[in-house]
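K.L.:
Provide a 3D model corresponding to the input given below.
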Amino acid sequence: MSSAALRNGMDVLLLALRGDFNRLNGGGIQRYISELYANMLRLRGGRMRIRRREYVPAFSLVGNAIFFAFESMVDSFNDARIIHNLMELPFAKPKWLRRDTVLLSTAHEFAPLTHPELDPDILEEVMTGFLTPSVIRIAAQSLLASDFLIANSTQTMEEAVSLGYSRKRVRVVNLGIDRRFSAEIREKRRSRGKFVAGYIGTIRKRKGIDMIAQASRRVDSREFEFRIYGNAGIFKHDEFVSFMRHDRSITFNGFAPEGRLVDTYDSFDAFVFPSLYEGFGLPILEAKARGLPVILNKGGHIPEEVKRHCFEVGNADEMADVLQRLKANGYNERRRRRAMHEARSFTWRKTALDTLEVYNRVS
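P.N.:
Model (predicted):
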């Protein structure tokens, strides 16, 4: 699709929290918002008006949800033709909007509704009592009240359909990776002779990083090193940190700087990501794009289009076994090239093009 295919006079308003249009401020959702906006501005030509509305964030997940819902209820939206809610925050279409205004929402996941057992850390950490699960589930439920949904993966689409949303009103638009991840891969230098297994992501129960800790105890610490990058944010992680810090083969390195993200991936020999659930799984694509073997949790809910060409393990013993085989025999070159080529086909430009096609469809 080219910019010439856009309909004249299309007016789109993008909704997010302040700072979300800066890819340096956060994780995968913030990168999606910032890259989608930047790429759509480049593709729109002169036929489309794209504006953004940034609500001031509160100090907690619950606060953000309540504040976002309240602000959106009293906003006039300046007669936008399409209102696109980019966040997983509750939003209701105000009654005073013009009748032909379309409310479009991006669904990143429906885990609070479909797999609530996977997120006890959310329910424990933000606030005690009934309010926390209620707000989180209302936020997910409010997405289903949208006129049309963009699902970030086939898995998210199927979750929406299982919750009663019409398949005819949802379109899958995958996330992407930027050009940095397609740069030439330099020859690796083994860190002090050790094989490095890396993890980049939030430190929380749902990410399954306890499997990494257990796998580290099943390999020789003189030959393997495990590097954990990520922040706990609002989630409890003391039990993981205290458990892992007794292991000399594991290092905690905090948030991986955005400006050095590619270098961080390139410092690994393998990428371990035993998450129990991912709405999409951007780090998986990024690691594959840098030519790394990726080890996933066989029992995890990961979108099919993202987990292709990965190693899947059922427990820490199997993870340790795969790591030892990779160290001894290397990564099959044919498999590496297939995985790398496929991962690099997910681009933010394609995300923007597919989103613009949805705008044309609903307008």
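K.L.:
quick one: contacts for Arg186?
P.N.:
Asp266 (Cβ atoms under 8 Å, 6 or more residues apart in numbering). Any C-beta I mention is one placed from the backbone N, CA and C, and that applies to glycine too.
K.L.:
oh, that last question was meant for Met157, not what I typed.
P.N.:
Ala107, Leu149, Ala151, Arg167, Val170, Val172.
K.L.:
of all pairs in these, which one is the farthest apart?
P.N.:
Set against one another by Cβ to Cβ, these have their most distant pair in Ala107 and Arg167, with a gap of 13.2 Å.
K.L.:
which one of those two is surrounded by more residues?
P.N.:
Higher neighbour count among Ala107 and Arg167: Ala107, with 23 against 10, using other Cβ atoms under 10 Å.
K.L.:
what separation do you get for that one and Ala320?
P.N.:
36 Å (Cβ to Cβ, to the nearest Å).
K.L.:
tally of neighbours for Asp100?
P.N.:
7.
K.L.:
looking at this, it is in a strand?
P.N.:
No: under DSSP: H, G, I helix; E, B strand; the rest coil, Asp100 sits outside any strand and is assigned coil.
K.L.:
go ahead and confirm it touches Asp79.
P.N.:
No: Asp100 is not in contact with Asp79 according to Cβ atoms under 8 Å; the separation is 10.2 Å.
K.L.:
what about the helices in the stretch 51-200 of the chain?
P.N.:
Counting by DSSP state H, counting those that start in this stretch, the stretch 51-200 of the chain has these helices, from start to end: 61-74, 111-114, 120-125, 131-143, 154-162.
K.L.:
those helices: lowest mean pLDDT?
P.N.:
The minimum mean pLDDT among those belongs to helix 120-125 (a mean of 52).
K.L.:
give me the beta-bridge partners of the closest residue to Arg222 other than its chain neighbours?
P.N.:
Once flanking residues are discounted, Arg222 sits nearest to Lys194: 7.7 Å by Cβ to Cβ, 6 or more residues apart in numbering. Beta-bridge pairing for Lys194 (DSSP bridges): Ser191.
K.L.:
for Lys194, what are its contacts?
P.N.:
Under the criterion of Cβ under 8 Å, 6+ apart, the contact partners of Lys194 comprise Arg222, Glu223, Phe224, Glu225.
K.L.:
format the residues you listed as CSV; extra columns: secondary structure, neighbour count and distance to His84.
P.N.:
Putting the contacts of Lys194 into CSV (DSSP: H, G, I helix; E, B strand; the rest coil; neighbours: other Cβ atoms under 10 Å; distance: Cβ to Cβ, whole Å) gives the following:
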residue, secondary structure, neighbour count, distance to His84
Arg222, coil, 11, 52
Glu223, coil, 13, 50
Phe224, strand, 22, 45
Glu225, strand, 23, 43
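K.L.:
and these, which is closest to Leu15?
P.N.:
Nearest to Leu15 among these, counting by Cβ to Cβ, is Glu225 at 42.6 Å.
K.L.:
show me the beta-bridge partners of that closest one.
P.N.:
Judged by DSSP bridges, the bridge partners of Glu225 are Val196.
K.L.:
same check, this time on Ile200
P.N.:
When bridges are taken as DSSP bridges, the partners of Ile200 come out as Tyr229.
K.L.:
use 39 as the first number from now on
P.N.:
Let's use 39 as the start, then, which means that last one is Ile238.
K.L.:
for it, report the pLDDT, please.
P.N.:
According to the per-residue confidence, Ile238 scores 96 in pLDDT.
K.L.:
what helix or strand is the nearest residue to Lys326 once chain neighbours are set aside on?
P.N.:
Counting by Cβ to Cβ, 6+ apart, Ala381 is the residue found nearest to Lys326 once chain neighbours are left out, at 3.8 Å. Ala381 is part of helix 371-382 when elements are defined by DSSP states H and E.
K.L.:
what comes into contact with that helix?
P.N.:
Helix 371-382 is contacted from outside by 215, 219-220, 323-324, 326-329, 331-332, 346-348, using Cβ under 8 Å, 6+ apart.
K.L.:
neighbour-wise, which one of those residues leads?
P.N.:
Lys326 (29 neighbours).
K.L.:
any idea which helix or strand comes after the helix or strand that one falls within?
P.N.:
Here Lys326 sits within helix 320-327, counting by DSSP H and E. Tracing the chain past helix 320-327, the next element assigned as helix or strand by DSSP H and E is strand 332-335.
K.L.:
ends of stretch 232-250, how far apart?
P.N.:
16 Å (Cα to Cα, to the nearest Å).
K.L.:
now do the nearest residue in space to Phe262 that is not next to it in sequence against Leu361, distance only.
P.N.:
With sequence-adjacent residues excluded and distances taken as Cβ to Cβ, 6+ apart, Phe262 is closest to Phe233, at 5.2 Å. As defined by Cβ to Cβ, Phe233 lies at a distance of 7 Å from Leu361.
K.L.:
what of Lys326?
P.N.:
Looking at Lys326 against Leu361, where the rule is Cβ to Cβ, the gap reads 17 Å.
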